[in-house]
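1. Compute the structure for the input listed below.
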Amino acid sequence: LKDASHEYRIMTSRGCPYHCSYCFNSYTLRLRGNEAIRQRSVDNVIAELLWAKKECAARRIMFVDDSFTTSKTWISAFCARYRAEIGLPFACVANPNYIHDGTAEALASAGCVNVQLGIQSLSEQICAQVLDRKSSNAQIGRAIQHLKDNNIMVQVDHMLGLPGDTVQ
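-> Model (predicted):
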């Protein structure tokens, strides 16, 4: 399990609260019923990360959940424990609708160095009509600003060539 990068990848949850037309979560949500997200306990995740530090020589963590910050309560509890017990730099994937000032502060205080935001398109019309995804450019801007204010690098997922999209 030890490799040159020493990055440990982990999922703390499965699922997503959205029903985007392009994502497998739309299908699996129908299979699970109303349970959009299955979240592991903070204790369970911390135990795995302690193991990863010891057995895999992990030096940084990548949370590959579809949206790591969906639950404010979980993030708050997790970040406090992570900072105290793990203390490694980490990155995560998040939806801009779930990044607020308190969330960005919690992530930064725990050691988050990078957040990859799922934006897909800056056309709210294409997001609504093609992707079946709620999107607000104002919220995207606020999310990016909250992360930047907390010295967290921001990356974005952007889909090129969507029907109706233009270079502009």
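
2. helices and strands of the chain: which one bottoms out on pLDDT?
-> In the chain, no helix or strand scores lower on mean pLDDT, DSSP states H and E than helix 24-32, which sits at a mean of 62.

3. name the helices or strands packed onto whichever helix or strand comes after that helix?
-> Per DSSP states H and E, the first helix or strand lying C-terminal to helix 24-32 is strand 37-39. Under the contact criterion of 3 or more Cβ pairs under 8 Å, 6 or more residues apart in numbering; DSSP states H and E, strand 37-39 touches strand 13-15. Bear in mind the C-beta positions are built from the backbone N, C-alpha and C, glycine included.

4. and the strand it packs on, how far out from the chain's middle?
-> Centroid separation for strand 13-15 versus its chain: 11 Å, with Cα atoms, centre = their mean, to the nearest Å.

5. Pull up the pairing partners for it, direction included.
-> The pairing partners recorded for strand 13-15 under DSSP bridges are strand 37-39 (antiparallel).

6. Now do the partner strand, average pLDDT.
-> Averaged across strand 37-39, pLDDT comes to 80.

7. and if you look at stretch 54-66?
-> 93.
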